[in-house]
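Enquirer: Pasting the sequence and the predicted model now:
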Number of protein chains: 2
Amino acid sequence: MKVAIMGYGTVGSGVFEVLNTNKDIIAKKAGLELEIGYVLDLRDFPGDPVESVLTHDVNDIINDPEVKVVAEVMGGVGAAYKFTKAALEAGKSVCTSNKELVATRGCELMKIAQEHGCRYLFEASVGGGIPLIRPIMTALHGDDIVHMKSILNGTTNYILTRMSEAGAAFSEALAEAQQKGYAEADPTADVEGHDAMRKTSILASIVEGKLVSCDDVHTEGISAVTATDFKYARKLHAGVKLLSVISRENGRVSAMVAPFLVREDNELYGVKGVKNASLICGNAVGDIMFYGSGAGKLPTASAVVADMAEAAQCMAELSASKQVPAWTEEKADIVPFDEIKNASLVRVAAADEQAARKAFGDIREVAPVEGEFAFITAVMSEKDYNKAAQGLNVISRIRVDFKD
Amino acid sequence: MKVAIMGYGTVGSGVFEVLNTNKDIIAKKAGLELEIGYVLDLRDFPGDPVESVLTHDVNDIINDPEVKVVAEVMGGVGAAYKFTKAALEAGKSVCTSNKELVATRGCELMKIAQEHGCRYLFEASVGGGIPLIRPIMTALHGDDIVHMKSILNGTTNYILTRMSEAGAAFSEALAEAQQKGYAEADPTADVEGHDAMRKTSILASIVEGKLVSCDDVHTEGISAVTATDFKYARKLHAGVKLLSVISRENGRVSAMVAPFLVREDNELYGVKGVKNASLICGNAVGDIMFYGSGAGKLPTASAVVADMAEAAQCMAELSASKQVPAWTEEKADIVPFDEIKNASLVRVAAADEQAARKAFGDIREVAPVEGEFAFITAVMSEKDYNKAAQGLNVISRIRVDFKD
C-alpha cells in the first residue's frame, strides 16, 4: 500500500526513517507493506534519500488513487488543515502529530473522515511516543474513567526537574533547557502551559466523548514558580509538576493545567526530565500509568507510524464506516473553574499569620523560611480560596496533589 | 448482544459486577449493549444477583446461538480448555484471564478461533488490569521491540518490597503477605516464579510472533533472597525485583525470570507492593512503561471486559477472518541460557577474596558485611559466570540491571 508524508521536518524525517528502517517488521505485524509514494515539502533536500519521492505539490498526493494513508506532520492550522481536509475528502486516512489542529478542528476532521470511509488518527498529538489515546479508546472500554493526571510537556518538566535537583532559579533552568534544545528561543507556548492545554483539551474530549475546547481548560504556566517554592517542596518530600488534571463526576468534566506539589509517594513524582506520563484512574481498573518520551523525532514518529499501520489495515480489510468518532461536536458539560477543589500550599508574609489563620481556618502549618508564614489549606474550591486569600499578601500559592 | 461468563469465582464475579455497573458506558464506547445471558458455575449462590442467569451446564451457553462472546475465568487447563475449545468451535469469541491455558494451549486456541471467524483474547492473562498485550499488538506496530523488562507477579513484589522497607526476612514477609491475602497458603507458584514464567512465555511469544514455551523461560524464584542481600542492595541504592527479561537480537529471543538488583534510577525501582509494570524498549519509541494493578478482582475484570467489548464490536461489524494471530506454532529461535549476559552482585566468604579476584578479573568491589567479600562482576555470560564461580564458596549471587 502506498503512503505519503506531508512535511519533512523533524517528525516527518523521523516517519520516513521509521517506515524505512522497520519496513519488514511493519509488514509482518500489519500484514501489508507500506511503501512511501510521496514526501511533500516546499524545500529541496539535495543528496537526501528523500529526493526520489519528494514533491512540492500536494495534488500529487491527493490525486493519486493508490495513496491510501497520509501522515500530516507539517504543524500549524493553515496549510495543514487545508491539506488534511482534501486528503480525507479524497478518502485517504490521515495520521498526525499536530495537536494544535486536532485540538481546534479535530471534531470537524473526524466527521469528514467518517463521511468518506477513512480515518483521522492522532496518537502522536499527545504524549509523543507513549501509547495513550489508543489504550484509552480500546483497552479501557470497560471502565468509567474517574480522573486523569498527566505530565504532558517535556520542556516544563525538564525545567522543574532542574529547579528541584540543582536548586536552580526558573530563568537559569530555562536557559539550560534552551541550550540543550529542550526549549525553543520563544518558550512561551511550553512555559505558559499552552502546549499542555491543547493536549489536555484532546484527552478530555476523548475521555468525555464530547468537545472540551482549549477555552474550557484553565491554564497556568510555571514561570512564577521560584527556588523558594522548591525549598518548601523539599520539606514536604514533594516536587513541583505542571499537571494536566481531568476529572469527571456526575456527567460533568473539569480540566486544568497548573503547577502542583506532588509527593514522593505519588507515581508521577518519579517522572523526571523531558519524560511524560499519564496516571489514569478507572472505576474498575484502579490507577494505571503510561510513561515514556513525550517528544522527540523517533518516539513521535513511532506513534505516527503505528497510526498509519492501523489505518492501512483498516482501509485494506475493514469497513471504516462504523467507526465511532473519538468525540462529537456536542459541548461537554464543563465544571466552572470556580468550583474546582484542591488543597494549596500558601506562603504569606510572617506579619499576615493571624489574618491567614482567621481567613483559612483549618490549616496544616509548614516550617517556613525566614519572614514567612506557610501552610497547606484544606481542600477547598477556587471560589472559597479566592475569598479567603483576599486581603492577604500571598507570596505564592501552589496547589497540592497529596494522597492524604 | 448476549454474553456469558464461565466461572463465578473472584474474577468471574468481578466481570459480572463490571458488566452491570458500567453497562451504559460500555454500550456508549463499544456502540452496543452487552447483556449477560448465562453465568456457569457448579456451585449455587442463593440470594446472589447472579442466580437469575446461573447455569450448571456449559451446553446452555454453547448451544445458544445468541451468545457471541464468552468470558472464561475458571482457571486451570482441564474443563477450561474443553469449554473454551467448544465455544470457539461454535463461533463464539472467548476472552480469558487464564494465563496457564494461554501459555500452554494459546497457539492451538487462537488457530481454532481464526478458523471459526471468532477471537481468543487474553489481555487479562498478563499484568491484570494493565493494558499491555493490546498496546504491544497495536500501538507499537511501527517499532522493533528490543527488550522488555517487567514485574509480573504482585505477591513476590510485595514480599521483596517488605524485605526492602522493613528489613524483614523472606519467611516473615511471606507470612505477612499470606495474612493480607496477597499470597496463597501454598505460595510455590508465585514465590518460585512459575506464575511470572507463564506470563513471560505469553509476552515473549507475542513480541517474537513465534512460540516461546514455558520451558524456554529460565526461571528462578525469590526464596533464596535474604535480608543480608538487601543490606547490599541498600548500599548500592538499589532494590531487588523479580524481573521478567525478554531480549531480542539477530532473529533470536531470550526470556528469563530471576531476582535482579534494580537501582533508584531505574523506572522499575519505584514499582512497589503488589503493583506490576512493564518497561518496553522499542527501536523508535525508546523506553515506555506501563504500570498498574497486576491482579485483583476488578482490575482483572476490567481487562476481561475490555476484551469482551472488542470481541463484540468485532463480531458485530468486522470480519475476523483476517485477524493475524498473536503468534504461530513455529518455534522461536531461543538464545541458550548459557549465552545470556548480565553483571551480578556476588558475595563470597572473606577467605575467598583472592580466589574470586583471580577468577573474575574485572570487578567492582562493594563494601561487605563482616566476614564476606562482595563485588559486582563485569557483564558476562551465564557460562562464563559458572566457570568463574566454580570452586568459590558463593554465599549469594543476584544479577544486576544497572544502566552503567
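Expert: Ah, there it is.

Enquirer: Tell me the residues of the stretch 101-250 of chain A that contact chain B?
Expert: A:123, A:129-131, A:134-135, A:137-144, A:209 (Cβ under 8 Å from any Cβ of the partner chain). C-beta coordinates here come from the backbone N, C-alpha and C atoms, glycine included.

Enquirer: now do 6 Å
Expert: Contact residues, the stretch 101-250 of chain A versus chain B (Cβ under 6 Å from any Cβ of the partner chain): A:129-131, A:134-135, A:139, A:141-144.

Enquirer: my guess is residue A:281 is in a strand, correct?
Expert: Yes: counting by DSSP: H, G, I helix; E, B strand; the rest coil, residue A:281 is located in a strand.

Enquirer: what's near enough to touch it?
Expert: Residues in contact with residue A:281, defined by Cβ atoms under 6 Å, 6 or more residues apart in numbering or on different chains, are A:146-147, A:287.

Enquirer: Quick check: beta-bridge partners of it?
Expert: Beta-bridge partners for residue A:281, by DSSP bridges, are residue A:147, residue A:287.

Enquirer: Can you lay out the contacts of residue A:281 as JSON lines showing neighbour count?
Expert: Compiled in JSON lines, these are given as follows (neighbours: other Cβ atoms under 10 Å in any protein chain shown):
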{"residue": "A:146", "neighbour count": "16"}
{"residue": "A:147", "neighbour count": "17"}
{"residue": "A:287", "neighbour count": "18"}
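
Enquirer: Looking at these, spot the one nearest chain B.
Expert: residue A:287 (6.3 Å; Cβ to the nearest Cβ).

Enquirer: And the helices in the stretch 1-150 of chain A?
Expert: A:10-21, A:23-30, A:58-62, A:79-89, A:99-115, A:133-134 (DSSP state H, counting those that start in this stretch).

Enquirer: State the pLDDT value of the closest residue in space to residue A:278 that isn't next to it in sequence.
Expert: Spatial nearest neighbour of residue A:278, chain neighbours left out: residue A:150 (3.9 Å); criterion: Cβ to Cβ, 6 or more residues apart in numbering or on different chains. Residue A:150 carries a pLDDT value of 97.

Enquirer: Can you verify my assumption that residue A:150 contacts residue A:246?
Expert: No: the pair residue A:150 / residue A:246 is not scored as a contact, 7.9 Å apart, by Cβ atoms under 6 Å.

Enquirer: residue ranges with poor pLDDT in the stretch 201-350 of chain A?
Expert: A:315-325 (pLDDT under 70).

Enquirer: again, only this time at 80
Expert: For the stretch 201-350 of chain A, applying pLDDT under 80 flags the ranges A:314-329.

Enquirer: any idea which element residue A:309 lies in?
Expert: Assigned by DSSP states H and E, residue A:309 falls within helix A:297-317.

Enquirer: what angle sits between that helix and helix A:23-30?
Expert: 50 degrees (axes from the mean of the first three to the mean of the last three Cα atoms, to 10 degrees).

Enquirer: Quick one: work out the angle between helix A:297-317 and helix A:99-115.
Expert: Using the same axes, to 10 degrees, the inter-axis angle of helix A:297-317 relative to helix A:99-115 is 10 degrees.

Enquirer: in the next helix or strand after helix A:297-317, what counts as buried?
Expert: Moving toward the C-terminus from helix A:297-317, the next helix or strand (DSSP H and E) is strand A:341-349. For strand A:341-349, burial by neighbour count (16 or more other Cβ atoms under 10 Å in any protein chain shown) applies to A:341-348.

Enquirer: Distance to residue A:399 for these - can I get that in a markdown table?
Expert: As requested, those are exported to a markdown table (distance: Cβ to Cβ, whole Å):
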| residue | distance to residue A:399 |
| --- | --- |
| A:341 | 10 |
| A:342 | 4 |
| A:343 | 7 |
| A:344 | 5 |
| A:345 | 8 |
| A:346 | 10 |
| A:347 | 13 |
| A:348 | 16 |
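
Enquirer: could I get the helices of the stretch 1-150 of chain A as JSON lines with mean neighbour count?
Expert: Shown next, in JSON lines, are the helices of the stretch 1-150 of chain A (neighbours: other Cβ under 10 Å):
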{"stretch": "helix A:10-21", "mean neighbour count": "22"}
{"stretch": "helix A:23-30", "mean neighbour count": "18"}
{"stretch": "helix A:58-62", "mean neighbour count": "17"}
{"stretch": "helix A:79-89", "mean neighbour count": "20"}
{"stretch": "helix A:99-115", "mean neighbour count": "20"}
{"stretch": "helix A:133-134", "mean neighbour count": "21"}
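
Enquirer: how about those, which one is nearest residue A:313?
Expert: helix A:23-30 (5.2 Å; Cβ to Cβ).

Enquirer: which other helices and strands contact that closest one?
Expert: Counting contacts by 3 or more Cβ pairs under 6 Å, 6 or more residues apart in numbering or on different chains; DSSP states H and E, helix A:23-30 packs against helix A:297-317.

Enquirer: now the helix it packs on, how far from the chain's geometric center?
Expert: Centre-to-centre, helix A:297-317 and its host chain are 19 Å apart (Cα atoms, centre = their mean, to the nearest Å).

Enquirer: related to what we said a few turns ago, mind putting the helices of the stretch 1-150 of chain A into JSON lines with mean pLDDT and distance to residue A:401?
Expert: Putting these into JSON lines (pLDDT from 0 to 100; distance: least, Cβ to Cβ, whole Å) gives the following:
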{"stretch": "helix A:10-21", "mean pLDDT": "96", "distance to residue A:401": "31"}
{"stretch": "helix A:23-30", "mean pLDDT": "87", "distance to residue A:401": "38"}
{"stretch": "helix A:58-62", "mean pLDDT": "98", "distance to residue A:401": "45"}
{"stretch": "helix A:79-89", "mean pLDDT": "98", "distance to residue A:401": "35"}
{"stretch": "helix A:99-115", "mean pLDDT": "93", "distance to residue A:401": "24"}
{"stretch": "helix A:133-134", "mean pLDDT": "90", "distance to residue A:401": "23"}
